[in-house]
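Undergrad: just coords:
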């Protein structure tokens with residue numbers, strides 16, 4: 001029998017009892033989202049194994065917790081007595097472990113489907129949007145924890161205070177990021193949805209902005225009449241989405257009469273203030289006092305790889321790391337850097353993420369670095385894609401250079417380090433940026449004496 005499930009969870013809920021399953025294998029266990037489910041399974045006492053294409057901080061932490069980690073994906077990694085296989089939606093169907101699991105006839109669930117099962121039994125606050133959902137979700141986690149509501153949380157980064165991307169709570173609330181890639185957020189059963197924004201992304205799957213908006217329409221239609229939709233009602237991109245809402249719409253810039261200056265935040269940047277206002281709006285709607293919310297937000301320290309301070313170089317330059325991999329995110333982060341740097345130079349190292357994204361948004365990327373003094377571009381991080389030769393980092397470098405910016409291409413991380421050493425002075429700000437492994441550059445700069 002084929003246990004690979006589609007969008008309908010009736011079979012899952014009636015036939016697959018997760019409580020009785022003891023041995024689970026994860027394909028793509030190093031992914032920040034799927035690793036949260038692996039943590040959840042281990043906390044429940046299940047035996048967990050998993051594979052990925054390389055070691056990372058995420059896989060290292062899972063190994064410390066007791067997971068058996070394979071750093072190469074092979075059919076023999078799947079135990080014969082495995083009871084459930086969980087896989088990332090990014091893997092191709094010719095993946096050897098995926099094929100082996102189907103041959104064994106064991107139940108197979110995607111990461112979004114597992115989230116759907118958790119969501120079905122809790123009051124779900126789903127944080128969606130092209131940008132800002134990780135920060136907003138993490139802010140909500142702190143607000144709800146501080147309010148003693150004991151939430152369950154899945155976030156697309158490591159929470160700094162908990163050093164984890166998963167929090168097991170006994171309360172009624174489930175707070176989770178809701179990713180639009182391949183419409184995966186439609187597996188959730190939300191009572192409240194936050195939409196931070198909608199932008200063109202994941203164009204390896206979506207046809208255009210209208211196609212992306214259609215996915216958000218389907219998400220909004222899932223919110224019950226007594227639920228909430230938190231968004232910026234004045235955003236023209238959201239207008240076609242709001243028509244689908246049968247619930248109460250809370251306009252976070254205006255619904256509370258709470259203006260950004262009332263917020264005291266550790267992070268700079270207008271985008272961070274907007275995320276905080278969205279978190280404040282839904283938290284207050286769900287009964288948390290504004291005083292408690294504002295206190296939590298003022299103490300919020302951020303998350304891993306969201307403008308995370310890494311340390312100081314030997315020459316006195318400050319090193320930060322950020323996950324930004326879309327033109328809008330880059331602009332927002334660098335605007336905050338300019339605000340914070342106060343006259344000091346900024347050097348940004350950008351690692352483009354995906355050939356398709358770089359190619360389709362090339363012109364937008366070239367306009368994203370206006371607030372940086374020096375830009376270093378590395379090779380494209382392929383992730384799930386294969387290089388077809390139609391785009392390379394040098395194409396982006398040429399476009400940025402044509403706009404009069406100080407930009408260079410670096411073929412490897414060692415070269416990046418040398419350029420940074422040459423370009424920085426005490427107090428200057430260095431930002432490593434991208435969704436790949438570019439964070440390793442900053443860690444090298446602050447741990448070596450070179």
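TA: Arrived safely. Nothing here was measured: the structure is a model prediction, and the numbers come from that model.

Undergrad: quick one: residues contacting residue 235.
TA: Residue 235 makes contact with 197-198, according to CB atoms under 8 Å, 6 or more residues apart in numbering. From N, CA and C alone the C-beta is placed, and that goes for glycine too.

Undergrad: for the stretch 201-350 of the chain, which segments count as strands?
TA: For the stretch 201-350 of the chain, applying DSSP state E, counting those that start in this stretch gives strands covering 228-231, 248-251, 308-312, 318-322, 346-350.

Undergrad: which stretch in the ones you listed is the model least sure about?
TA: Lowest mean pLDDT within the strands of the stretch 201-350 of the chain: strand 308-312, at a mean of 87.

Undergrad: what's the span of stretch 198-208, first residue to last?
TA: End-to-end distance for stretch 198-208, by CA to CA, to the nearest Å: 12 Å.

Undergrad: please apply the same query to stretch 296-313.
TA: By CA to CA, the extent of stretch 296-313 from end to end equals 31 Å.

Undergrad: give me the buried positions along it.
TA: Using 16 or more other CB atoms under 10 Å as the test for burial, stretch 296-313 gives 296-297, 300, 302-308, 310, 313.

Undergrad: and stretch 396-404, by the same measure?
TA: For stretch 396-404, by 16+ other CB under 10 Å, it's 396-397, 399-400.

Undergrad: and what of stretch 230-250?
TA: By neighbour count with 16+ other CB under 10 Å, stretch 230-250 contains the buried residues 230-232, 235, 237-238, 241-242, 244-245, 247, 250.

Undergrad: the nearest residue to residue 390 once chain neighbours are set aside: how many residues sit nearby?
TA: Among residues not flanking residue 390 along the chain, residue 359 sits closest, at 6.3 Å (CB to CB, 6 or more residues apart in numbering). Residue 359 has 19 neighbouring residues, counting by other CB atoms under 10 Å.

Undergrad: how is residue 359 classified with respect to secondary structure?
TA: helix (DSSP: H, G, I helix; E, B strand; the rest coil).

Undergrad: ditto for residue 112
TA: Using three-state DSSP, the structure places residue 112 in helix.

Undergrad: could you measure from it over to residue 344?
TA: Remark: distance between residue 112 and residue 344 (CB to CB, to the nearest Å) = 42 Å.

Undergrad: which one's more surrounded, the two?
TA: Shown here are residue 112 and residue 344; by other CB under 10 Å, residue 112 has more neighbours (23 against 17).

Undergrad: pass me the low-pLDDT residue ranges in the stretch 251-400 of the chain, would you?
TA: The stretch 251-400 of the chain contains residues with pLDDT under 70 at 255-261.

Undergrad: helices along that one, start to end?
TA: For the stretch 251-400 of the chain, the helices defined by DSSP state H, counting those that start in this stretch cover 270-285, 290-299, 327-341, 355-360, 362-366, 393-402.

Undergrad: please identify the most buried of the ones you listed.
TA: Each of these was scored by mean neighbour count; the highest is helix 270-285, a mean of 23, by mean count of other CB atoms under 10 Å.

Undergrad: show me what that one is packed against.
TA: Applying 3 or more CB pairs under 8 Å, 6 or more residues apart in numbering; DSSP states H and E, one finds that helix 270-285 makes contact with helix 133-146, strand 192-195, strand 228-231, strand 248-251, helix 290-299, helix 327-341.
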